[in-house]
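J.: sequence and predicted structure are below.
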Amino acid sequence: MDSVTPGHSHDGPENQVRKLEPMSHGRTDLRKRKPRTVAVINDYCTGCAGAPVCIVYCPVDMCMFWVPDDTHPPFGKVQVDKSTCIGCAKCATKGPDGIFLDGCPWDAIEMVATGEWEAKRGVALREIPDPSDNGSEFVPEIYV
Ligand code: SF4
Ligand code: SF4
């Protein structure tokens, strides 16, 4: 279970998670197909004290974003909008034998087979995202 569970306590629509800064900024075009893998944030995520290292590597606008821990401010963690993630793994730790080169230095991001993630969550991601999925301030909780 995630230490910070995405919720809808941030003055937004029901069952939606607001994408707060720090947030990834980059391409705004829709992905053309469902990626083979998606980035999943695990419990090792510390939130990097509010200055996430990973987010700058993500090339997709508003794909990675900050989720505050309402019970332990100012802490929080990063989450990934799976409906816009392109599975590029730029955010994940890279380097032989776990040596940090770029991406998350704490092994807090796992690239998970999309089908596996969908089955575990009981959700089917769209092959091509709904245009409203890109550039929206909110993401359905089931996609996080
Ligand atoms: S995923 Fe890694 S780099 Fe990103 S906020 Fe969490 S610990 Fe920091
Ligand atoms: S896999 Fe790529 S698109 Fe997905 S969150 Fe990581 S950097 Fe962003």
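T.: Sure thing, it's come through. Ligands and ions are numbered 1, 2, ... in the order given.
J.: return the residues of the protein in contact with ligand 2.
T.: The interface of the chain toward ligand 2, taken as CB under 6 Å from any ligand atom, is made up of 39, 57-58, 60, 63-64, 80, 85-91. Bear in mind the C-beta positions are built from the backbone N, C-alpha and C, glycine included.
J.: could these go into TSV alongside pLDDT, distance to Glu137 and secondary structure?
T.: Formatted as TSV, the residues of the chain next to ligand 2 follow (pLDDT from 0 to 100; distance: CB to CB, whole Å; DSSP: H, G, I helix; E, B strand; the rest coil):
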residue	pLDDT	distance to Glu137	secondary structure
Ala39	98	20	strand
Tyr57	94	22	helix
Cys58	96	17	coil
Val60	95	15	strand
Cys63	95	13	coil
Met64	97	14	strand
Val80	97	16	strand
Cys85	96	17	coil
Ile86	96	20	coil
Gly87	97	23	coil
Cys88	95	23	coil
Ala89	94	26	coil
Lys90	94	23	coil
Cys91	95	21	coil
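J.: Asp102 against Ala92, yeah?
T.: No - judged on CB atoms under 8 Å, Asp102 makes no contact with Ala92 at a distance of 9.3 Å.
J.: okay, which residue is most central for the chain?
T.: What sits nearest the mean C-alpha location of the chain, by CA atoms, centre = their mean, is Val80, with 0.9 Å.
J.: what pairs with it across the strands?
T.: Beta bridges link Val80 to Met64 when assigned by DSSP bridges.
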